[in-house]
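1. Give me a 3D structure for the following:
(4 chains)
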Protein chains: 2
Amino acid sequence: MAHVCAVDWHAGGLTIGEVAARGRVAPSALRFYEAQGLISSVRTAGNQRRYDGDVLCRVMMIRACQRVGLTIAEIRVALAELPDGHIPGTDDWERLAARLRSELHDRIGQLNALLDELSGRPVTASSARSRAR
Amino acid sequence: MAHVCAVDWHAGGLTIGEVAARGRVAPSALRFYEAQGLISSVRTAGNQRRYDGDVLCRVMMIRACQRVGLTIAEIRVALAELPDGHIPGTDDWERLAARLRSELHDRIGQLNALLDELSGRPVTASSARSRAR
DNA sequence: TTAGAACCTCAACTAAGGTTGAAGTCAAGA
DNA sequence: TCTTGACTTCAACCTTAGTTGAGGTTCTAA
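-> Residues are numbered from 1 along each chain as shown, chains lettered A, B, ... in the order given. Model (predicted):
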């Protein structure tokens, strides 16, 4: 099975319209994410944005993270872990994934603990742990 | 271990200030939640709000749900499952908890699947299932 | 080389989820 | 009874996460 982003890694110089279409986001959202420091682009001689293929991975991360309650500010911190100089590889994404899973683990754990208390379940440290992952 | 809300069930007629203090939310947020149909109150002869103790359970649910990405509209739908006529019991909260865990399971599963693909992990149906719960 | 689609910036607008402040009312202790 | 703090409504404002539109530029295919 192919890496979800590998299909686009060879595609340097994507236009904002191409990224928008492939990432199913509006071009205005991409400009907004760039203004917020979540993604970056290079400019052509004519001042138009061109993206590396890995921006699609970032965009998918952003959307998925938002679905589980992370704010733009929190996502910026998470994405800041990715390397600056080069296009992130699987090891870079793996580190980021580990951190996100850990953060999410805590939040889900809190909701689960509350759900347990509200529904009168006995709560043990191990039951909370297993349900939270 | 005591039920998290049991300590307040005997306390009928809580003022908005008392609920705000115990639930660690602003009184303005409680008025907002009421306007949004998430909580309800009765009024005194002098038009002041009085709350049943179970409103604290609702408020805690609301905050926890928001932390994991549910909107007010989604939380309203979830809380609408609770009974109208009487103060919800552990069975009512258990039903609600089950629905929420299921919804959350799906969202976390989506993020986990994306994280797996980005970090190049092999994805199997069973690995996705176990990580998502 | 020119039409038109796609791009640019900037400002104004939107919706969600509240907060703040003004002006007035209620409730509880001295 | 009176005062003082907690309460009421309503309108205006705030932040977050974008969208929309105006006015202008760039790219591409004929």
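
2. Residue ranges in chain A under the pLDDT threshold?
-> The model of chain A has pLDDT under 70 over residues A:1-12, A:121-133.

3. Against A:I39, how distant is the closest residue to DNA strand D within chain A?
-> Going by Cβ to the nearest atom of the strand, DNA strand D is nearest to A:G46 of chain A, at 2.6 Å. Where you see a C-beta, it was placed from the backbone N, CA and C, and this is true even at glycine. Distance check for A:G46 against A:I39: by Cβ to Cβ, to the nearest Å, it reads 20 Å.

4. likewise A:M61?
-> 10 Å.

5. Tell me which stretches of chain A form helices.
-> Along chain A, counting by DSSP state H, helices occupy A:6-9, A:16-23, A:27-35, A:55-67, A:72-79, A:90-118, A:125-132.

6. contacting residues around A:S119?
-> For A:S119, the contact set (Cβ atoms under 8 Å, 6 or more residues apart in numbering or on different chains) comprises B:T90, B:D91, B:W93, B:E94, B:L96, B:A97.

7. would TSV of these with distance to A:D84 and neighbour count be doable?
-> TSV is the format used below for these (distance: Cβ to Cβ, whole Å; neighbours: other Cβ atoms under 10 Å in any protein chain shown):
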residue	distance to A:D84	neighbour count
B:T90	52	16
B:D91	54	11
B:W93	48	25
B:E94	49	17
B:L96	45	21
B:A97	43	22
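
8. now, which of those residues lie close to DNA strand D?
-> Residues shared between these and the neighbourhood of DNA strand D: none [Cβ under 7 Å from any atom of the strand].

9. For those residues, could you give me a markdown table that also reports distance to B:A26?
-> A markdown table is the format used below for those (distance: Cβ to Cβ, whole Å):
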| residue | distance to B:A26 |
| --- | --- |
| B:T90 | 29 |
| B:D91 | 32 |
| B:W93 | 25 |
| B:E94 | 30 |
| B:L96 | 25 |
| B:A97 | 26 |
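
10. How about chain A: which residue is closest to DNA strand C?
-> Closest to DNA strand C within chain A is A:G17: 2.4 Å, counting by Cβ to the nearest atom of the strand.

11. so that residue makes contact with A:A26?
-> No: A:G17 is beyond contact range of A:A26, at 10.5 Å (criterion: Cβ atoms under 8 Å).

12. Would you confirm that A:D54 contacts A:T90?
-> No: between A:D54 and A:T90 there is no contact under Cβ under 8 Å: 11.4 Å.

13. Spatially nearest residue to the residue of chain A closest to DNA strand C (excluding sequence neighbours)?
-> A:P27 (6.4 Å; Cβ to Cβ, 6 or more residues apart in numbering or on different chains).

14. Can you give me the distance of the most centrally placed residue in chain A to A:G89?
-> With distances taken as Cα atoms, centre = their mean, A:M61 lies nearest the centre of chain A, 2.1 Å away. Here A:M61 is placed at a distance of 15 Å from A:G89 (Cβ to Cβ).
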